[in-house]
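Undergrad: Please find the sequence and the predicted model below.
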Amino acid sequence: MLIALVVFIALRAAVVPRSFGQYGHYRGSAIAEIAARPIAYAGHQVCEGCHTDVVDQKKLGRHINVPCEACHGAQAKHADDPASVKPPKLDTAILCARCHEANSAKPKNFPQVVTADHSGGIACDTCHTPHKPKIETATEAKK
C-alpha cells in the first residue's frame, strides 16, 4: 500500500502542472495562456460598421439576433484588413443545417427541416436569402 501511495504521489507530481490549484480547481497559468492568444473574433458591432446593407436586411428577418460570426466564423483579420482578407464563400447546405436540421430536442416553434427531404442537398441560398430567410410570396413582397 505504501509503495502504491509513493508511486501515486510521484506520478501526480510529474503529470499535474505546478499552477494547478492556484485559483481553486484550475490551472493558474491557463489565464495568462488564454490572454496571450490573438483575438480572432471582431464582434458584430465591427461587422455592422461596414456592412450596413446586411444590417438593414437582418432587421427585417428572423436572424436579427444571430451574431455575424456565428455563421461567418472569426473575422478579426478581415476587419483589420478588409481589402486583402476575404472571408470564404459559405456552403449554406451544410451551414444552415447546423441550426435548422430537424431535431426533437429543439423547441417546436423553431424553424426546422429535414434537409435530405427539403432540399436534396441543394444550397439553402438557392431559394433563401441567409440574412432574411423567409421566402416572400408576390403579395408579401408588394407590402
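TA: Ah, there it is.

Undergrad: From here on, just use CA atoms for contacts and neighbour counts.
TA: OK.

Undergrad: Could you tell me how many residues sit around T92?
TA: 18 (other Cα atoms under 10 Å).

Undergrad: doesn't D125 make contact with it?
TA: Yes: in this structure, T92 is within contact of D125 by Cα atoms under 8 Å, at 6.3 Å.

Undergrad: Pull the distance from the helix ranked longest in the chain to the chain's centre.
TA: The residue-count maximum for a helix in the chain (DSSP state H) belongs to helix 2-15. From the chain centre to the centre of helix 2-15 is a distance of 42 Å (Cα atoms, centre = their mean, to the nearest Å).

Undergrad: which residues touch it?
TA: Contact with helix 2-15 is made by no outside residue, as judged by Cα atoms under 8 Å, 6 or more residues apart in numbering.

Undergrad: Let's see that with 10 Å instead.
TA: Contacts with helix 2-15, where a contact means Cα atoms under 10 Å, 6 or more residues apart in numbering, come from M1.

Undergrad: Check which element follows that helix along the chain.
TA: Using DSSP states H and E, the helix or strand that follows helix 2-15 in sequence is helix 29-36.

Undergrad: and whichever helix or strand comes after that next one, what other elements does it pack with?
TA: From helix 29-36 onward toward the C-terminus, using DSSP H and E, the following helix or strand is helix 44-50. Here helix 44-50 touches helix 52-59, helix 68-72, helix 76-80, going by 3 or more Cα pairs under 10 Å, 6 or more residues apart in numbering; DSSP states H and E.

Undergrad: Let's see helix 44-50 as CSV, backbone CA atoms only.
TA: Output of helix 44-50 as CSV, limited to C-alpha atoms (Å, rounded to 0.1, in the frame of the first residue of the first chain):
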residue,chain,number,x,y,z
HIS,A,44,-20.9,42.1,-34.6
GLN,A,45,-20.6,45.8,-33.9
VAL,A,46,-17.4,45.9,-36.1
CYS,A,47,-19.2,43.9,-38.9
GLU,A,48,-22.2,46.2,-38.8
GLY,A,49,-20.0,49.3,-39.1
CYS,A,50,-19.1,48.3,-42.7
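
Undergrad: got a markdown table for the helices and strands packed on helix 44-50, with mean pLDDT too?
TA: Listed next are those as a markdown table, based on pLDDT from 0 to 100:
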| stretch | mean pLDDT |
| --- | --- |
| helix 52-59 | 92 |
| helix 68-72 | 93 |
| helix 76-80 | 95 |
